[in-house]
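**Student:** fold the stuff below for me.
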Amino acid sequence: VQLQASGGGLVQAGGALRLSCAASGSILSIVNMGWYRQAPGKQRELVATINSRGNTNYADSAKGRFTISRDNAKNTSYLQMNALKPEDTAVYYCKANIVRRGTLNTNDYWGQGTQVTVSS
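**Tutor:** Numbers count the residues shown, from 1 in each chain. Take a look at the predicted model:
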């Protein structure tokens, strides 16, 4: 199982980016999907999560600006980020809680990270 994150880049403050995270491999189901970020010198922090029913959870810093969604047919999650601020600059990582085919266990998988830089 692999997660491939994409969509990062350089944007001016107030701009928008859409991140994607595609899971591939021997996947039976994906329970939860989420996005996290890590700024230089800081710990990795939760940005947003979405479960298999579409219920979402956001960090306070993301509420009202970011929207997480998923396409179950494509095993992909998305993070639409609007009204970006310089403090949103970080490496963004996707995570998925996945049940592999032939097993009953769930395991967490992480994408490789995608850099988001917001200039002032």
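**Student:** all contacts plus neighbour counts: C-alpha atoms, from now on.
**Tutor:** Will do.
**Student:** how about stretch 72-82 as PDB, C-alpha atoms only?
**Tutor:** Taking Å, rounded to 0.1, in the frame of the first residue of the first chain, the C-alpha atoms of stretch 72-82 are listed here in PDB:
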ATOM      1  CA  ASN A  72     -13.900   6.400  -2.200                       C
ATOM      2  CA  ALA A  73     -14.000   5.100  -5.800                       C
ATOM      3  CA  LYS A  74     -10.600   6.500  -6.400                       C
ATOM      4  CA  ASN A  75      -9.200   5.900  -2.900                       C
ATOM      5  CA  THR A  76      -8.300   9.600  -2.800                       C
ATOM      6  CA  SER A  77      -8.600  12.400  -0.300                       C
ATOM      7  CA  TYR A  78      -8.400  16.100  -1.100                       C
ATOM      8  CA  LEU A  79      -7.700  19.200   1.000                       C
ATOM      9  CA  GLN A  80      -8.900  22.400  -0.500                       C
ATOM     10  CA  MET A  81      -7.100  25.300   1.100                       C
ATOM     11  CA  ASN A  82      -8.500  28.800   0.700                       C
END
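**Student:** contact partners of that stretch?
**Tutor:** 14-24, 30, 33-35, 65-71 (C-alpha atoms under 8 Å, 6 or more residues apart in numbering).
**Student:** then stretch 94-108?
**Tutor:** 1, 3, 5, 21, 26-36, 109-113.
**Student:** beta-bridge partners for the residue positioned nearest the centre of the chain, please?
**Tutor:** Most central in the chain under C-alpha atoms, centre = their mean is residue 35, positioned 2.7 Å from the mean C-alpha point. For residue 35, the beta-bridge partners under DSSP bridges are residue 48, residue 94.
**Student:** any idea how far the residue lying farthest from the centre of the chain lies from residue 25?
**Tutor:** Computed with C-alpha atoms, centre = their mean, the residue of the chain farthest from its C-alpha average is residue 102, at 26.1 Å. Separation of residue 102 from residue 25 (C-alpha to C-alpha, to the nearest Å): 12 Å.
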